[in-house]
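[1] Any chance you could fold what I've pasted below:
(chains A, B and C)
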Amino acid sequence: MSTSGHALALDGLTKRYGSFTAVDNVSLRVESGEFLTLLGPSGSGKTTILMAVAGFVAPSAGTVLLDGRDITPLPPEKRDFGMVFQGYALFPHMNVAENVGFPLRVRGLSRADRDAKVRAALDLVQLGQFTDRLPKQLSGGQQQRVALARALVFDPNLLLLDEPLSALDKKLRAELQEELKALHQRVGRTFLNVTHDQEEALSLSDRIAILNHGKLIQAGAPAALYERPATRFVADFLGKSNFLSGTVSEASGAMMVVAAGATRITQALPEGAARPAPGASVLLSLRPEKIAVLGEQDSADNVVTGTIAGWSYLGAGYSLRVAVPDLGEIRAVLSAWRAPIAPRDGLAIRLGWSADAAVPVAEDAA
Amino acid sequence: MNGMAQQRGWWLLIAPAFLLMVAFYVAPILQVLAISFTEPELGFGNYERLFTNMSVQRVIITTLRICAITTVLALILGYALSYTIALAAPRAQVWWLMTVLVPLWISVLVRAFAWVTLLRRQGLVNTWLTSAGIVEQPLELVWNEFGIIVGMVHYMVPFAVLPMLSSMREIDPRLLAAARGMGAGRGLAFRSIFLPLSLPGVIAAGVLVFIFSLGFYITPAILGGGKTLMVAEWIGLQILDLIRWGLGTMMATMLVVAILVTLAVFSRVLDLRRLFGSGA
Amino acid sequence: MEGAYKPGPLGRGLAWATAIYLVLPITIVLPVSLTDQRFLSLPQETLSLRHFATVLGSAEWLGSIWQSFLIAIVATVIAVGAGTLCAIGCWRISRRSTDLIRALMLLPIIIPSIVYAIGLYRYFGPLGLLDRFLGVALAHGVTGIPYVVITVSTALAAFDPRLEQAARGMGASLRQTLAWVILPRIMPGIASGAIFAFIHSWDELVMVLFIASRNIFTLPRRIWDGINENLDPAMAAVAVLLIIFTSALLLLDLTLRRRRNQ
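    Residues are numbered from 1 along each chain as shown, chains lettered A, B, ... in the order given. Coordinates of the predicted model:
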């Protein structure tokens, strides 16, 4: 049983259906042993890409490479990829052992070899005692684990997952996320996951590739994407974000000043970013959790005064919508325990954030 | 609003159909059953003929043989058609379905007539065979068991396709894609996944075709030429020509019993409501 | 089905062969009906409409067509009337007993018509209904009930029972609820059932063979004689006309179904 994974590369992958472009010139590397998630809203092309990797969809242009070898012309049954489908696709007329053993039957293993590997695979997902059950006798979480065992039992080059957790309720989803992550570490293979759930992507992945309208917008480690989103879309899709727009009034060293109406925002320039010219318009993404509600005496790099337009109680904290002149409506979060203020509509409050809290992002392409 | 009166109103709606059926359908059928025990004399005399009369036994065996062959052929041909339709692209499916539905609507007389035209000695098939030099003498293709089977299978294939197609459409397409992704070839994916899951539809189709074939009158009568007799035509002869009411009604009763027994045996495996609903 | 194997050459070949087997023989009647010969054959020299002229000009054929048509109309009215009300009643009461009643209504489809036909032959005698319009129409109407019950029950299964409850809650009587709420919504199902019941009577032969002889000589009866006595090409002309007629009805049913699904 080889413990090293395989590397996958997509080179200019494009898929058109008539005049509709589902996948638009996507190039991506998945490193050996990596857990990479394709993340995006529905219609972003992520499932189409997965299906192209699996071989069920023939690309209109571009190639799929496995360890440098072009596998684009290869039919799905020859690619040796493990796949977990949405809804699991467990064969209803076979029991757990027969389901998991099916890929081995296909590959002509003897009965004894099959049984041994099936047992090993089921132990891997902690379902060893369910071999005789039929799929309909299993819970959603158990079915998902059988699907995983079936996908891994034949030591595939790659594991492809098509929204494997979307059919489960919230609590079960959280539980299985952790199990999936642990499984990846145990097995050490390359996992390619597709989801629209950004929390899932953030918690499971070594790297995330964000897609929208068939295009690859940004790829990188979860923290990198969260802290330095490239575009408005990425900032908005991963977590929550406020957007402040203005023009650069001056820029020098590692800082710049952005003018929005009468307000001046002190903004640190991110490392490696080009210094913008004065007069250029700029969009800043500012996450709610990085904004502090200031008391009378507190200060920060940026301080604005606004009035509460609305608020919600979330148990652990409050979510505030604050109307700020020149900047529009800003969302901030406030921890409920020992909160400095008691939120109510119309209350005037001071908000503050540091110069490196916000990050400039590009406007989305049309 | 009086609850009882409300219910009574709904029951009244059922009354006309119920009364019509009882008076004009059930009663004549029960009379047939009664006659089999009372004419020419009271008792089981007619039923004894099942064991003693050669001609009775010959008709039964001929009928069962033809119905069995028809069912098997209709299932094979129907399965190939259903399988293709179920996996075809939506636009192609419409055309395939037409080939199944259009014959269904054409009168059974027209269909039997078409077969006579094609299969008789001076018919088109024989003309083509002799002019192409494949055979020297025209073949006896009609007015015998062969002709009956050709005509019956032609009639029954659409009835086989409908329940099989309906059950195939319920197979989750992701199961087949999953099998393929796991490396299964076309044959294995079909044998171990598709075929077992389509079996309920096949059984339903088999029962439907067999039951319809047992009591079939028109096609076997036209294509049998009076020499090969199936049970429905035989019953007609007893009643209209030979005036042997006892024998005729006895066979008719046995026919109904055979059908009800078949349904009862398979009722455990089938959803009968769907079976007869899907025929429409 | 995305991703699944398409059927292999064996499956496709057999499917094509079966499709041709189903459709081609029926199409043969068209050229045969246009033959210029007096006997059953393909057109030798030219196409000729003489056989159509024979059929459409003959008093006997036209008489049979008209008779079949009238009987079918009356039978359809009986079947639709009784069948629709029965289906509605069973749907609303919805108990074990009504399930049995619906099963009873399906008997004419399960029991072969030969059994019923010989029963009628005896049964109608004392009632004076043999070889009478009313007898045949009644027999066809009663055996047409199952088709209507099936299609109307299917339409009712998609009908939201709360609509009926709302109407009753607003004070509508049974008759008003039926006429203004239920019937309008299941009309396509009723129309479908009517078409099936009509075709059932229009094509019916086995019962007619037993309960009619001279006065009632329907179209199928005349075709039956034509096929068994002499293979007259006029039969082919009749066949073509029948095909056109039933195809028109099929198109009508399909349009109704499409409108129902919208």
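[2] C-alpha from now on. contacts and neighbour counts both.
    OK.
[3] Point out where chain A drops to low pLDDT.
    Residue ranges of chain A with pLDDT under 70: A:1-5, A:366.
[4] for it, which helix is longest?
    Longest helix of chain A, by residue count under DSSP state H: helix A:170-187.
[5] Give me the buried positions along that one.
    By 16 or more other Cα atoms under 10 Å in any protein chain shown, the buried positions in helix A:170-187 come out as A:173, A:176-177, A:180, A:184, A:187.
[6] go on, stretch A:18-29?
    Buried residues in stretch A:18-29, counted by 16+ other Cα under 10 Å: A:21-28.
[7] Among those, which one sits closest to chain B?
    Nearest to chain B out of those is residue A:22 (Cα to the nearest Cα; 19.9 Å).
[8] For the closest one, list the residues it contacts.
    For residue A:22, the contacting residues are A:14-16, A:43-45, A:48, A:213-214, by Cα atoms under 8 Å, 6 or more residues apart in numbering or on different chains.
[9] For chain B, tell me which of the residues you listed show up nearby.
    The subset of the contacts of residue A:22 within reach of chain B, by Cα under 8 Å from any Cα of the partner chain, is empty.
[10] does the residue in the stretch 51-200 of chain B that chain A sits nearest to sit in a helix, a strand or a coil?
    Closest approach between the stretch 51-200 of chain B and chain A, counting by Cα to the nearest Cα: residue B:183, at 3.9 Å. At residue B:183 the chain is in coil, as set by DSSP: H, G, I helix; E, B strand; the rest coil.
[11] And residue B:10, how close does it get to residue C:175?
    Applying Cα to Cα, to the nearest Å, the value for residue B:10 to residue C:175 is 10 Å.
[12] quick one: the helices in the stretch 51-200 of chain C?
    For the stretch 51-200 of chain C, the helices identified by DSSP state H, counting those that start in this stretch occupy C:59-93, C:96-105, C:107-110, C:113-127, C:133-157, C:161-169, C:174-176, C:183-203, in order along the chain.
[13] Next, format the ones you listed as JSON lines and append mean pLDDT, mean neighbour count and distance to residue B:117.
    Shown next, in JSON lines, are those (pLDDT from 0 to 100; neighbours: other Cα atoms under 10 Å in any protein chain shown; distance: least, Cα to Cα, whole Å):
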{"stretch": "helix C:59-93", "mean pLDDT": "93", "mean neighbour count": "22", "distance to residue B:117": "21"}
{"stretch": "helix C:96-105", "mean pLDDT": "90", "mean neighbour count": "16", "distance to residue B:117": "38"}
{"stretch": "helix C:107-110", "mean pLDDT": "93", "mean neighbour count": "17", "distance to residue B:117": "29"}
{"stretch": "helix C:113-127", "mean pLDDT": "93", "mean neighbour count": "21", "distance to residue B:117": "26"}
{"stretch": "helix C:133-157", "mean pLDDT": "94", "mean neighbour count": "25", "distance to residue B:117": "30"}
{"stretch": "helix C:161-169", "mean pLDDT": "77", "mean neighbour count": "14", "distance to residue B:117": "53"}
{"stretch": "helix C:174-176", "mean pLDDT": "79", "mean neighbour count": "12", "distance to residue B:117": "54"}
{"stretch": "helix C:183-203", "mean pLDDT": "90", "mean neighbour count": "22", "distance to residue B:117": "20"}
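[14] CSV please, covering those and showing distance to residue C:224.
    Formatted as CSV, the helices of the stretch 51-200 of chain C follow (distance: least, Cα to Cα, whole Å):
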stretch, distance to residue C:224
helix C:59-93, 12
helix C:96-105, 29
helix C:107-110, 22
helix C:113-127, 16
helix C:133-157, 17
helix C:161-169, 47
helix C:174-176, 45
helix C:183-203, 11
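[15] Nearest to residue B:169, out of those?
    Distance to residue B:169, taken as Cα to Cα, is lowest for helix C:133-157 among the helices of the stretch 51-200 of chain C, at 18.9 Å.
[16] is chain B contacted by the closest one?
    Yes - on the criterion Cα under 8 Å from any Cα, helix C:133-157 is in touch with chain B at C:138-139, C:142-143, C:145, C:147, C:150-151.
[17] Pull up the gap between the closest residue to chain B within chain A and chain C, please.
    Nearest to chain B, among the residues of chain A, is residue A:77, at 3.9 Å (Cα to the nearest Cα). Going from residue A:77 to chain C by Cα to the nearest Cα, to the nearest Å gives 10 Å.
[18] do the same with residue A:353
    51 Å.
[19] Now that residue. Its backbone dihedrals?
    phi -150, psi 160 (degrees, to the nearest 10).
[20] circling back: what is the subsequent helix or strand relative to the longest helix of chain A?
    strand A:190-195 (DSSP states H and E).
[21] All set, thanks.
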